[in-house]
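Asker: Fold the following and give me the result.
(4 chains)
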There are 2 protein chains.
Amino acid sequence: MCNKMIKSRTTITEIARLLKVAPSTVSRALNNHPKISEKTRNAVIELARKLNYQPNLLALNLLKNRTNTIGVIVPEITSYFFSSVIGGIQDVLNPQGLNMIIGQSNESYQEEKSIVQTFVSVRVDGFLISPSSETKTFDHLKVLTDNNIPLVIFDRDCEELNVDKVFVDEYKGAFQAVEYLIKTGCRRIAHITGPLSLSTARHRLKAYKEALSAHNLPLKEEYIVEASGFAPEHGIDPTKKLLALPQPPDAIFTINDGVAIGAMFVIKEAGIVIPNEISVIGFDDDPHSCYFKPSLSTVWQPTYELGMLSARILLKRINSNNDISKVRVEKLFPELVIRGSSK
Amino acid sequence: MCNKMIKSRTTITEIARLLKVAPSTVSRALNNHPKISEKTRNAVIELARKLNYQPNLLALNLLKNRTNTIGVIVPEITSYFFSSVIGGIQDVLNPQGLNMIIGQSNESYQEEKSIVQTFVSVRVDGFLISPSSETKTFDHLKVLTDNNIPLVIFDRDCEELNVDKVFVDEYKGAFQAVEYLIKTGCRRIAHITGPLSLSTARHRLKAYKEALSAHNLPLKEEYIVEASGFAPEHGIDPTKKLLALPQPPDAIFTINDGVAIGAMFVIKEAGIVIPNEISVIGFDDDPHSCYFKPSLSTVWQPTYELGMLSARILLKRINSNNDISKVRVEKLFPELVIRGSSK
DNA sequence: CTGTTAGCGCTTTCAG
DNA sequence: CTGAAAGCGCTAACAG
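Answerer: The predicted structure is shown next:
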């Protein structure tokens, strides 16, 4: 049973033929062109509706040389952080009739590069990119600006790129978290940082250091351990290392909630009580965080807003033909959320 | 400083002009057409490379009347389940030069319908859909099959639609879970189910009932409670209800890990020991699950494979011009993962 | 106000 | 083996 009968979609010429007018007239009628008689306009619109006419976007795309598609590149889509950013992007794009294609770099420079390549070849109208942690050279992104393809960087900075950017004020969030630990009496505060190629990790680390020094606490190098990723498993070893120290910390501030969850697991396993003996504060406010025992204190990030703002800025640039000379750099504000894992 | 100089991309006519041949010749050379002299072919290819020629997909799309884009519609992207399915889809699509656009229905029928609409109007080459829990009529999907647009349903079934489908064998997974609880001595086993409009919830519920009866355990209606969603928060009230029963359960099998996490939270809060007093088993194997105390027993689902297989089946249909009469329905197998929350 | 023409970039007959 | 011409569906000059 072969169902070949594709209901061939009605075209503008079809309507023109039926109405015995020129295709251009139909086009004008459908696009609210000023100089067209009410009569023909109505006739066209009515027939179009009756025939369920839908403009062929493929034709329009070729003509206008755009695709109405935005390319979004993130390290991974399974993390709460990025998936909710994507939600924000989508909610700005869709009402504008724009679509997005998503690429996951899996934190790999090579994959990121090849995604950029394919997105360029499908001619996306613009890019929203949060670079991978492996990405240290930015030629593949410079190509975009060189070719006048709009690009907004979000969350993770590329200092050498002079383009629109949207961030969360990591420094502030981290500073508040560490300061809170100090104020609640912790004196041996450790930090599990992330891949230091990332601006986010660097800013949080900087805030950690400066918060300590602002409160005249010594900075001990052995209290800074690097996690190689953002999942709970990446928090395991760093935490073990910290607990094995001759003088273990009485607080741990982690790069994110994932790592904090791994840390709490190790700490509880070791029979150490949170927060009495060790306080823990994460970063992100993952929806799971409040269901752990104790519930995880953390720094909430405006993920959805981050996505929306990035998309809005990109749209502005696209709609202005990338003719805005001034580059925008925006910062959104995080918020400390105190729960059970800290005093 | 206005950067208007768009490096206009080289076209096939450009190459033709430079080589003093016809555009069609260039086209043939570039597409390995048999009847073309080695000489011209090489000349064309060389110049094309030198000029960094990239075919204009927009033009090809109009000509071939396809977009090389697949529309993927999921209830939400922030859940581990769906985001990892998407990873599988992507890994099949990209090597084929296909892209995907994603739509989140947010479990809303209206949103789902409107996403289908926009995806049709951008002329995606095919659909991969997991319907929302609100979706009870399927006219918006029948339109697709009526218009010969390939469609694969995954994870959540629409019985009245006769199209390719890919599922996980929910029944088997759930049956094993409940059977395990019985074998480890639990006798008052409760089930927190999900929205019963979903085939997934219905199959798991059915398995729960039949596992009990297979082992001659009574089915008590008060042991079946419905969660209105899949997040931890949706597990709170159902669990409270169960604990308040004159004879509370000694085990809870939940619709998924999210709800199980909410359930464990309530149980621990009530000072009840897991698994000694109450066993808990979830469904999904969310990466967070093993970091809870106790770690959550669950049913692992082959999410990535689910995505890959769905995409492969869709591709097959697209590449065959939707000319395959036999509909494929595939089932993948889940696996019981026993951890600390069960005996 | 409306029709004619040209063209977006590419492939595919149809002739040579 | 190669060129000329037509056309995918639509819009935007340019004439009337």
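
Asker: Relative to B:Lys39, how far out is A:Asn31?
Answerer: 48 Å (Cβ to Cβ, to the nearest Å). Backbone N, C-alpha and C define where each C-beta goes, glycine included.

Asker: ignore the last one, A:Ala207
Answerer: A:Ala207 is 65 Å from B:Lys39, by Cβ to Cβ.

Asker: Quick check on those two: which one has the bigger neighbour count.
Answerer: A:Ala207 (24 against 8; other Cβ atoms under 10 Å in any protein chain shown).

Asker: what's the more buried one sitting at in phi/psi?
Answerer: phi -60, psi -40 (degrees, to the nearest 10).

Asker: OK, contacts around it?
Answerer: A:170-175, A:178 (Cβ atoms under 8 Å, 6 or more residues apart in numbering or on different chains).

Asker: which SS class is the residue lying closest to it once chain neighbours are set aside?
Answerer: Spatial nearest neighbour of A:Ala207, chain neighbours left out: A:Ala174 (3.5 Å); criterion: Cβ to Cβ, 6 or more residues apart in numbering or on different chains. Using DSSP: H, G, I helix; E, B strand; the rest coil, the secondary structure recorded for A:Ala174 is helix.

Asker: From DNA strand C, how far out is A:Ala174?
Answerer: 49 Å (Cβ to the nearest atom of the strand, to the nearest Å).

Asker: just A:Pro238 next, same as before
Answerer: For A:Pro238, the distance to DNA strand C - Cβ to the nearest atom of the strand - is 52 Å.

Asker: Let's see the pLDDT reported for that residue.
Answerer: Note on A:Pro238: pLDDT of 98.

Asker: State the distance from it to A:Gly340.
Answerer: Note on A:Pro238: its distance to A:Gly340, by Cβ to Cβ, is 22 Å.

Asker: list the contacts for A:Gly271?
Answerer: Counting by Cβ under 8 Å, 6+ apart, A:Gly271 has no contacts.

Asker: Kindly report the same for the one 10 residues further on.
Answerer: Residues in contact with A:Ile281 (Cβ under 8 Å, 6+ apart) are A:177, A:180-181, A:251-254, A:260, A:296-299, A:341-342.

Asker: swap in A:Glu107?
Answerer: A:75-76, A:132-134, A:229.

Asker: before we move on, what about A:Thr239?
Answerer: Counting by Cβ under 8 Å, 6+ apart, A:Thr239 has contacts A:192, A:252, A:262-263, A:266-267.

Asker: Helix or strand: which one has it?
Answerer: Assigned by DSSP states H and E, A:Thr239 belongs to helix A:232-243.

Asker: Helix or strand next in line after that helix, which one?
Answerer: strand A:251-254.

Asker: Where does the record place the domain boundaries for chain A?
Answerer: A:12-55, A:67-168+A:303-333, A:170-301 (automatic domain parsing).

Asker: Need the per-residue pLDDT for the residue of the stretch 201-343 of chain A found nearest DNA strand D.
Answerer: Relative to DNA strand D, the nearest point of the stretch 201-343 of chain A is A:Asn321 (14.3 Å; Cβ to the nearest atom of the strand). Predicted confidence (pLDDT) for A:Asn321: 79.

Asker: That one: neighbour count?
Answerer: A:Asn321: 12 neighbours (other Cβ under 10 Å).

Asker: contacting residues for it?
Answerer: A:Asn321 neighbours (Cβ under 8 Å, 6+ apart): none.

Asker: Quick one: residues contacting A:Leu245.
Answerer: Going by Cβ under 8 Å, 6+ apart, the list of residues near A:Leu245 reads A:222-223.

Asker: now do A:Val166
Answerer: A:Val166 is in contact with A:152-155, A:306, A:309-310, A:313, A:329-332, counting by Cβ under 8 Å, 6+ apart.

Asker: Now flag whichever of these is closest to B:Glu233.
Answerer: A:Leu306 (23.1 Å; Cβ to Cβ).

Asker: That closest one: what secondary structure?
Answerer: Applying three-state DSSP: A:Leu306 is helix.

Asker: surely it meets A:Val85?
Answerer: Yes. Using Cβ atoms under 8 Å, A:Leu306 is in contact with A:Val85, at 5.4 Å.

Asker: Could you tell me which residues touch both of the two?
Answerer: Common neighbours of A:Leu306 and A:Val85 (Cβ under 8 Å, 6+ apart) are A:154-155.

Asker: So which of these two has more stuff around it?
Answerer: Of the pair A:Leu306 and A:Val85, A:Val85 is the one with more neighbours under other Cβ under 10 Å, namely 29 against 24.

Asker: just to revisit the earlier point, so how far is A:Pro150 from the residue of the stretch 201-343 of chain A closest to DNA strand D?
Answerer: 9 Å.

Asker: And A:Ala29, by the same measure?
Answerer: Distance of A:Ala29 to A:Pro150, computed by Cβ to Cβ: 33 Å.

Asker: swap in A:Arg49?
Answerer: Distance from A:Arg49 to A:Pro150, by Cβ to Cβ: 35 Å.

Asker: try A:Leu60
Answerer: On the measure of Cβ to Cβ, A:Leu60 and A:Pro150 end up 19 Å apart.

Asker: Columns pLDDT and distance to chain B on top of the contacts of A:Ile281, output as CSV?
Answerer: Shown next, in CSV, are these (pLDDT from 0 to 100; distance: Cβ to the nearest Cβ, whole Å):
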residue, pLDDT, distance to chain B
A:Ala177, 98, 21
A:Tyr180, 98, 24
A:Leu181, 98, 22
A:Ala251, 98, 20
A:Ile252, 98, 15
A:Phe253, 98, 18
A:Thr254, 98, 13
A:Ala260, 98, 10
A:Leu296, 98, 11
A:Ser297, 98, 16
A:Thr298, 98, 14
A:Val299, 98, 18
A:Ser341, 98, 13
A:Ser342, 97, 18
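
Asker: Just the buried ones out of these, please.
Answerer: Among the contacts of A:Ile281, those classed as buried by neighbour count (16 or more other Cβ atoms under 10 Å in any protein chain shown) are A:177, A:180-181, A:251-254, A:260, A:296-299, A:341-342.

Asker: Next step: these restricted to strands.
Answerer: With DSSP state E as the criterion, strands contain A:251-254, A:298-299 from among these.

Asker: Now tabulate the residues you listed in JSON lines and tack on distance to A:Arg9.
Answerer: What follows is those, written out as JSON lines (distance: Cβ to Cβ, whole Å):
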{"residue": "A:Ala251", "distance to A:Arg9": "64"}
{"residue": "A:Ile252", "distance to A:Arg9": "60"}
{"residue": "A:Phe253", "distance to A:Arg9": "58"}
{"residue": "A:Thr254", "distance to A:Arg9": "54"}
{"residue": "A:Thr298", "distance to A:Arg9": "51"}
{"residue": "A:Val299", "distance to A:Arg9": "51"}
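
Asker: On the three-state scheme, A:Lys331 is what?
Answerer: A:Lys331 - assigned by three-state DSSP - is strand.

Asker: Need the phi and psi values for the nearest residue to it once chain neighbours are set aside.
Answerer: Spatial nearest neighbour of A:Lys331, excluding adjacent residues (Cβ to Cβ, 6+ apart): A:Asp169 at 4.7 Å. Dihedral pair for A:Asp169: phi -80, psi 80, per degrees, to the nearest 10.
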